[in-house]
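> Test case, fold it:
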Amino acid sequence: MTAAPREASPVRVLVADDQKVLRDGLSALLGLLPGIEVVGTAVDGDDAVRQALELGPDVVLMDLHMPTCGGVEATRRLALMEPRVAVVVLTTYSDNDSVFAALRAGARGFLTKDASATEILDAVSVVSAGGAQLAPAVQRQLVEAIAVGGPEVPGPGSVLGQASRPQAAGLTPREVEVLTEIARGLSNAEIAGKFCLSDTTVKTHVNHLLAKTGMRDRAQLVGYAFRLGLIR
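Prediction:
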């Protein structure tokens, strides 16, 4: 008799927001999403760090501007004290200073508070699996900032890292094409359609790009492509 497949464990999420209405509403929304378990709520950055260390969530959904200790400082502490916990910023503010500060601190995702439930679920799922997820508008903003010589986002905890200028890393012509389209913000499905490839083939190219370049995720590949001069 074949054993029934074991269900995947839910992603354990801690919500940090100083506004009770938003904190409670977000917790209720997350509780309705499949594969998500809300393990706690925090009222500021200090509380978020304390609870994250106690509860060991997979993801902290972090507001940026909170009293006593804001989201950037809390993210920085968690990156140092418990790097296994991924942080997704969920904030009203998406100016360049806020975005770069959060990414430098070690945030793995960045969403604005007009994000849909699907976008939040996607971000939580992606970062809990070790990836990075930026809202499309934030990614375009980041790309534009890099294109005009904006600030670097150094450090192993950030989603870009690698401050030095990279080499081509022995990429094939097709891999360079895929890398260029990633930097333009296209999804795997969109790249597949553009080059008449299967989704599986594009995924393979992306995996090769990550392996050859030493980048960790798509967000790092965007920065890599710009530093190579593939997009201007």
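
> Pretty sure residue 30 sits against residue 120.
Yes: between residue 30 and residue 120 there is a contact under Cβ atoms under 8 Å: 7.3 Å. Using the backbone N, CA and C atoms, a C-beta is placed for each residue, glycine as well.

> Report the set of residues contacting both of those two.
Both residue 30 and residue 120 are contacted by residue 61, under the criterion Cβ atoms under 8 Å, 6 or more residues apart in numbering.

> Tell me where the chain is predicted with low confidence.
Applying pLDDT under 70 to the chain flags the ranges 1-7, 143-169, 231-232.

> where do the helices sit along it?
Ranges of helices in the chain, per DSSP state H, are 20-32, 45-55, 71-81, 96-105, 117-128, 136-147, 173-183, 188-195, 199-213, 218-228.

> Residue 64 is nearest to which of those helices?
Closest approach to residue 64 among those is made by helix 71-81 (4.0 Å; Cβ to Cβ).

> Between residue 30 and residue 120, which has more neighbouring residues?
residue 120 (23 against 20; other Cβ atoms under 10 Å).

> From residue 181, how far out is that one?
26 Å (Cβ to Cβ, to the nearest Å).

> show me what contacts residue 186?
residue 194.

> Could you do the one 5 residues further on as well?
By Cβ under 8 Å, 6+ apart, residue 191 lies in contact with 178, 181-182, 197, 202.

> change it to 10 Å
Contacts for residue 191 (Cβ atoms under 10 Å, 6 or more residues apart in numbering) come out as 177-182, 184, 197, 199, 201-203, 205-206.

> Quick one, which of the residues you listed are buried?
177-179, 181-182, 184, 197, 201-202, 205-206 (16 or more other Cβ atoms under 10 Å).

> Format those residues as a markdown table; extra columns: distance to residue 170.
Output for the buried ones among the contacts of residue 191, formatted as a markdown table (distance: Cβ to Cβ, whole Å):
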| residue | distance to residue 170 |
| --- | --- |
| 177 | 15 |
| 178 | 15 |
| 179 | 13 |
| 181 | 19 |
| 182 | 18 |
| 184 | 22 |
| 197 | 21 |
| 201 | 19 |
| 202 | 19 |
| 205 | 14 |
| 206 | 16 |
